[in-house]
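**Student:** Fold the following and give me the result.
(chains A and B)
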Amino acid sequence: MSDREPRTEGRGDSGRILYCHCAYAKVVPVETKREVLEQLGASGAAFEAVPDLCEMSARKDPALARLCAGGSESAKLRIAACYPRAVRWLFHAAGTPLAKGAFEVHNMREQSASEVVAGVLNQEGEPAAT
Amino acid sequence: MNTHPEPASSRPPRVVLYEGRGAAHLKAGRRFEVLHELLEAGYAVTRPAPAPSLDHEAAVTESHGEALIVLGEFGGGAPRWEDRAGRAAIEVVDLAHGDPLDRVHSSSEQDHAPRQNGWLPWFPVIDYDRCTNCMQCLSFCLFDVYGVDPEGKIQVRNESNCKTNCPACSRVCPDVAILFPKYKKGPINGDQVRSEDVQSEAMKVDISALLGGDIYSTLRDRSQNARKRFSTERDESKALLERKKCLKQLKKDLDIPDEVLMTLPSAGEIEERARRAKEKMEKRKARSKSEQDRRSATTEEWGI
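**Tutor:** This next block holds a predicted model:
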């Protein structure tokens, strides 16, 4: 393998980050989405960004299984999306339920961008709903 | 119009936005622009962590059935990528050459570019912590969105049949167990359910009873009256106004879109639908019971 070859795709980190862009509706403030996405990108952290969790759930997209796999109490899947109850049951509806205690949801409909970013990057911030 | 969601087998490729070894570090503005553009166009994006060290064992990306496109500024010397599971071919696209979205679109032409059929993901999601399996949603929904599983449990079966912006079934749910994540207000949008929400939902059911004991016939009568007025009125625009006025109150009460109100079937049809659903459920139950009996008989036969 040459020195120019890439080495990793976010493996072995202390938990995964998932960002939902809620692309097909205007219910999440555009500014909040923008700030969260900008700051996530600038943080250098590995993350997964999806256009719309609702759409993936309706399609029962197998990628949801990949996204929720590996979450545990010590390395939670940290999700920037909307209401925790909605996110939890969207995963369930797709046949890929999130394990209890293995995820936390930061709500871009209610929280500020800085609170959401602090939460998903596991910095000090508002306690998240699980 | 609400068209069908694409099956998972035709899902669009996933984009890996890569900035590690062998690729340039993107400027913040550029990175955001690329991410935003891809997400708006319906592509899922993975932003991998940078390689921890030069001597770290390589880990390539992994596909779960979807095609993969690795996007980055590679300066002409694009690295070789492999799918860890060996299932997908990975295409490497250099951001330095042309518009990233055009490049990704053209790379995914042989697969499936997203948002082709314009389906809006509006559908009910059941909170099974709250659902009591009362089947009111199944009886109420006019569009066969709901069904029951072999165990007789209510489930959302035909998401794409749901009428965009219609939250009517969640309005009639006595347990506030139906969510529409893209709805504007709580608790239907997934916000916490408070005791006053449960009370107000119960009141809504009472209101429907007050409207004549049968919300369906009330809706139908309203719709039929409006239709009558429409047919006898010479001035069509005036008739339309009249009809809109007539439906306004119900729309306000239940937040049901005009399109849905205009296509209401008769109370008889709704009752028939509920009867058929119940029949189907009982048949399934009986089938599952006879299957269980057969299994236990086989077990006894084998002396296990």
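**Student:** And the helices in chain A?
**Tutor:** Applying DSSP state H to chain A gives helices spanning A:30-43, A:53-58, A:63-68, A:84-93, A:113-120.
**Student:** Run the contact check for stretch B:154-174 versus chain A.
**Tutor:** Yes: counting by Cβ under 8 Å from any Cβ of the partner chain, chain A is contacted by stretch B:154-174 at B:156, B:159-160. For the C-beta atoms, the positions are set from N, CA and C on the backbone; glycine is no exception.
**Student:** Tell me which of the helices of chain A lies nearest to chain B.
**Tutor:** Closest to chain B of the helices of chain A is helix A:84-93 (Cβ to the nearest Cβ; 2.8 Å).
**Student:** how close does B:Arg260 get to B:His97?
**Tutor:** I think there's a mix-up here, since residue B:260 is Val and not Arg. With distances taken as Cβ to Cβ, to the nearest Å, B:Val260 is found 49 Å from B:His97.
**Student:** With neighbour numbers in mind, choose between those two.
**Tutor:** B:Val260 (18 against 11; other Cβ atoms under 10 Å in any protein chain shown).
**Student:** hang on, isn't that one packed against B:Leu142?
**Tutor:** Yes: between B:Val260 and B:Leu142 there is a contact under Cβ atoms under 8 Å: 7.3 Å.
**Student:** Now the terminal residues of stretch B:88-105, how far apart.
**Tutor:** Taking Cα to Cα, to the nearest Å, stretch B:88-105 runs 18 Å from one end to the other.
**Student:** actually stretch B:160-174, sorry about that
**Tutor:** 24 Å.
**Student:** Output the residue of chain B whose distance to chain A is smallest.
**Tutor:** Of all residues in chain B, B:Gly190 sits closest to chain A, at 2.8 Å by Cβ to the nearest Cβ.
**Student:** the helices in chain B, which residues?
**Tutor:** Using DSSP H, the helices found in chain B span residues B:28-40, B:100-108, B:136-140, B:168-172, B:195-210, B:215-232, B:236-254, B:258-262, B:267-302.
**Student:** So B:Phe123 versus B:Cys173, what's the distance?
**Tutor:** From B:Phe123 over to B:Cys173 (counting by Cβ to Cβ), the distance is 14 Å.
**Student:** likewise A:Trp89?
**Tutor:** 13 Å.
**Student:** out of the residues of stretch B:154-174 next to chain A, who has the most neighbours?
**Tutor:** Taking other Cβ under 10 Å as the neighbour criterion, B:Glu159 ranks highest of the residues of stretch B:154-174 next to chain A with 23 neighbours.
**Student:** If we ignore the residues flanking it in sequence, what's nearest that one?
**Tutor:** B:Phe123 (3.7 Å; Cβ to Cβ, 6 or more residues apart in numbering or on different chains).
**Student:** And the one you found, its phi and psi?
**Tutor:** Main-chain torsions, B:Phe123, degrees, to the nearest 10: phi -160, psi 160.
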